[in-house]
Structures are given as C-alpha cells and as structure tokens.
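Undergrad: test case, fold it:
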Amino acid sequence: IVLKALAKDPTRRYPSADALADDLSRWLKGLPIAARPDSPGYRSRMFVRRHRTLVAAGAVALAALLGGAGLALWQARAAAIERDRAEGRFEIAREAARALIYEVHDAVAALDGSTGAREIVLARSIDYLDRLAADAADDPALRVDLAEAYFKVGSVQGLPNGPNLGRTRDAEASYRRGLALLPADTPPADSLGLRALRARAHLLQKLAVVRAFRGDTDVAPGTADQQADRVSAFIESGDYAGHPHFPSAGDTAAATAYYDRAEAAVDAIAEPDRTPHVRRMRSVVYERQGTMRYAAGDLDGALDRYLRSLAIREALAAEPGASYDARRDGGVAHEMIGRTRRQQGRPAEALAAYRRALAVYATLAREDPANAGAQRTLAIGHWQVATPLAGPDGPNLGRRAEALREIDRALALLRPLAAADDSGVESLIADIE
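TA: Purely as a prediction, here's the structure:
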C-alpha cells in the first residue's frame, strides 16, 4: 500500500485519498487489497488471515481425517496379512490332519506292537478334525474332505472288517460327525456333489455295520435301499463272525444268526419297495445261508438256499442293462450248486451246473477282453469244470482227457496274467498244476 501511494508514475498511485483509505481498511479487515496483484494464492492467504481459528480447526479436522484414513488403511492391510497367515495356518492344519490319517497312521499300523502309537496318531487326528470342522461352515469342499476323514477315523476306531482298535462306539460317533458335515439334501451333480453322495453312502453303510455288530438294531427304517444297507450290515457281521471261507472269528453259530437276521430284515421291506439292490441282497443272504448249511453237512438245505439265490440272480441278470456284477452273480450261484451236487455224489449234475457257470463267465470275458478279473474268473470256471470230470478229491465221471483239456484252457488264460504281474495268479497256477 505504501509503495503504491509513493509510486513514481502518477498513473500507478491511488487516484484519491478515499481509495487509499479504502485499501487500508481492507488490509485491516484481512481482505484482498488493490495494491497487490490478484492471484488464487494471494486470495487464499487473505482468507486464512481473516479466518485463522476456522482454518486451524479445519486443518486439525483434515489431519484427523487423513490420519484416521491412514490408520484404517494400515489396519485393513494388517488384517489382510493376518487373514492370509490364518488361511495358511488353516491349510497347514488341513494337510497335517490328512497326513496323520492317511499316511502316518497307515505306516505305523504296519509295525508290530503299534497299538499305542496308533492311539496317539488317532487322537491327534481327531483333534485336528474337530478344530477344522468348527470353521468349515462355508467351505463345501472342506466339509466333504472332513466327512471322508471321519470315515477313515471311524474305520480305524472300530469297524469290524479290518484292523481296528475295538472302539465301536467311538467309530459310531465319528461316522455321525462325518454325516453331520454333509448336505442333507441331494448335492449338485458335479464332482464335489458326487463325492458327497459317495461319502454319505459309505458312512451310512459302515454306521449300520458297526451298530449291527454291537446288536443295536433299532435303526430307523429309511428308504428301501437304506434298509438294504442294513441287511448288508448283518451280512458283513456274519462274514466277520464265522464265514468258513473268509477271515473270521470262527463263530459259525453267530454267523448263522446274523444271516438269519439279514433275512428277517429283507423280509420286512415291502414288496413294492424291493429294488434290484434289495433283491440282490436277498440273493446274497440265501447264498450265505447255503454256505453255512453246506459247512454243517446239510447238503439238501444248502442246495435249497443256493437254488433260491440262483432264481433271483438269473432274473436280475436278465433285466435290461444288468451290470457285470449282477450277471457274474448268476455264475457264482451255479458254482455253488455244482459243488453241492458233487458232494451229494451226483457228478453229472455237478458238471452241468459248472458248465452253466462257465458259459456266464465266457460271455463276460468275451465282452471285455481287457478285464483281467473276467479272464481270471473264466480260468477258474474251466478248472472247476474239470473237477467232476476227473477230480481226485471227490466223485467224478472218470473223463480224464476232457478234464486235462479244461485245465490246459485254465492255465492258458492265467499265464499271461502272471506275466503281467497280476497279484495271486502264480499261487493259483500252482494249485491247478
């Protein structure tokens, strides 16, 4: 203002005293003055000068806002880092549980005197599984993984058909934990959904096996196929108790009782609900009952049961789209009949039954030449045909040349399998030779 009032060029001075007084008044009020060139920066400084308190408060507020935003961003970043770490720890725990259940336990179980170590491994596995299950609500894949793991744990704890720790109630609890993790309704038909369906079926069946083994039969009826799974549980319990041809406890009376309970259970299924699966279970029951009667020397009773089994199996094999197993079952029934006829001293009828079994096996092997199991079964069929022809271990027809031809056919089928390192074929070849 002073420099403008004293400017050498009169045109640059204040035009009047009033103009000078007005500029001084504006300066005192903190307003822009005429003596200073106008600019955004100059106007801003004047504004700050006029409103120091307001600007200071605003600056503090802005600093707080920026500081808060910075803190929030830092906290979000820290949370993201911690979440990534937590997810990493979760995956490590998941892999640890899987390794304990599927690798470490199985390796330890093969060692002599490993029961104590297996108990420790199992306890740690269950601890991992329980903690993982608590966080699995929103992860369908993890829920299926855990259900499958509980299936494995339950089987180790107390499933009667394999090495177990004898804790059937713990096994039942593990199977139920696995079932609780799976969707109650039908899952989508993708790979994960199919895994869930399989896991549910396995858990339900083994739960029935364990309960039947303990004598707990008060299971809700469920669907026909679920009732058939209960029948299957009684059958398996009989097999483990005392089936003469399976590894068992050797208690034939208990085995017979289980098979009779299986028959009663399948009888309880209403006729309209007897699906192919249910009917097949009935045929298996008859076969098992026949085997127990045969072992007890009741050949007529055995034959009666085998014939009942055959009637069901032939009907199932004749249905459109019958599976390999359904058709093979018929051949097995003919085998049983052939064996019984021979023991009754009727080798000609035994030969006819064995030839019917052979015809079934030949058809299956011809339809699937790459199926090593079908080729092996066919070879056994030829060997069995030889026994009523000239087998020295029972009544025979004395037709030695024909018997040798059947044996040669059996060996011709088995030797390529042995060359391919098919397990067990060498011992079978030795038996035939």
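
Undergrad: flag the shaky bits of the protein, pLDDT-wise.
TA: The chain contains residues with pLDDT under 70 at 37-52, 54-116, 136, 161-162, 184-190, 194, 197, 201, 214-226, 421-424.

Undergrad: mind running it again at 50?
TA: Applying pLDDT under 50 to the chain picks out residues 86, 186, 219-221.

Undergrad: residue farthest from the centroid of it?
TA: Pro10 (100.9 Å; C-alpha atoms, centre = their mean).

Undergrad: so the closest residue to Arg279 other than its chain neighbours, which of the three states?
TA: Leaving aside its chain neighbours, Arg279 sits nearest to Ile312 (5.6 Å; criterion: C-beta to C-beta, 6 or more residues apart in numbering). From N, CA and C alone the C-beta is placed, and that goes for glycine too. Put simply, Ile312 is helix when judged by DSSP: H, G, I helix; E, B strand; the rest coil.

Undergrad: isn't Ile312 up against Val285?
TA: No. Using C-beta atoms under 8 Å, Ile312 is not in contact with Val285, being 9.8 Å away.

Undergrad: the more surrounded of these two?
TA: Val285 (29 against 22; other C-beta atoms under 10 Å).

Undergrad: quick check: the more buried one vs Gly178, distance?
TA: 28 Å (C-beta to C-beta, to the nearest Å).

Undergrad: repeat that for Lys206.
TA: For Lys206, the distance to Gly178 - C-beta to C-beta - is 9 Å.

Undergrad: that older thread, roughly how far does the residue nearest to Arg279 sit from Ala295?
TA: For Ile312 relative to Ala295 (C-beta to C-beta), the value is 22 Å.

Undergrad: over to Tyr354?
TA: For Tyr354, the distance to Ala295 - C-beta to C-beta - is 20 Å.

Undergrad: do Asp130 as well
TA: 45 Å.

Undergrad: looking at these two, which one has more neighbours?
TA: Taking neighbours as other C-beta under 10 Å, Asp130 and Ala295 compare with Ala295 leading, 16 against 13.

Undergrad: show me what contacts the closest residue to the more buried one other than its chain neighbours?
TA: Spatially, and ignoring its direct neighbours in sequence, Ala295 is nearest to Pro244 (4.6 Å; C-beta to C-beta, 6+ apart). With contact set as C-beta atoms under 8 Å, 6 or more residues apart in numbering, Pro244 has these partners: 252, 291-292, 295.

Undergrad: kindly format the C-alpha coordinates of stretch 17-29 as PDB.
TA: Output in PDB follows, covering the C-alpha atoms of stretch 17-29 (Å, rounded to 0.1, in the frame of the first residue of the first chain):
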ATOM      1  CA  ALA A  17      -7.400   9.700  -0.600                       C
ATOM      2  CA  ASP A  18     -10.600   7.800  -0.400                       C
ATOM      3  CA  ALA A  19      -9.100   5.000  -2.500                       C
ATOM      4  CA  LEU A  20      -6.100   4.900  -0.200                       C
ATOM      5  CA  ALA A  21      -8.300   4.800   2.900                       C
ATOM      6  CA  ASP A  22     -10.400   2.000   1.400                       C
ATOM      7  CA  ASP A  23      -7.400  -0.100   0.700                       C
ATOM      8  CA  LEU A  24      -6.100   0.400   4.200                       C
ATOM      9  CA  SER A  25      -9.500  -0.500   5.600                       C
ATOM     10  CA  ARG A  26      -9.500  -3.700   3.500                       C
ATOM     11  CA  TRP A  27      -6.000  -4.600   4.700                       C
ATOM     12  CA  LEU A  28      -7.000  -4.200   8.300                       C
ATOM     13  CA  LYS A  29     -10.000  -6.500   7.700                       C
END
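
Undergrad: pull out the buried residues from that stretch.
TA: Of all the residues in stretch 17-29, those buried under the rule 16 or more other C-beta atoms under 10 Å are 20, 23, 26-27.

Undergrad: okay, and which of those residues map to strands?
TA: Using DSSP state E, no member of these falls in strands.

Undergrad: CSV for those, including distance to Ile1?
TA: Converted to CSV, the buried residues of stretch 17-29 look like this (distance: C-beta to C-beta, whole Å):
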residue, distance to Ile1
Leu20, 7
Asp23, 5
Arg26, 9
Trp27, 6
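
Undergrad: which of these fall in helices?
TA: 20, 23, 26-27 (DSSP state H).

Undergrad: just these now: which is nearest Gly338?
TA: Arg26 (124.5 Å; C-beta to C-beta).

Undergrad: list the residues that contact that closest one.
TA: Arg26 makes contact with 32-34, according to C-beta under 8 Å, 6+ apart.

Undergrad: can you pick the most crowded of the residues you listed?
TA: Ile33 (19 neighbours).

Undergrad: right, and it touches Ile1 too?
TA: Yes. Counting by C-beta under 8 Å, Ile33 does reach Ile1; the two are 6.4 Å apart.

Undergrad: intersection of neighbour lists for the two?
TA: Counting by C-beta under 8 Å, 6+ apart, the contacts common to Ile33 and Ile1 are 23, 27.

Undergrad: how many neighbours does Thr53 have?
TA: There are 7 residues near Thr53, going by other C-beta under 10 Å.
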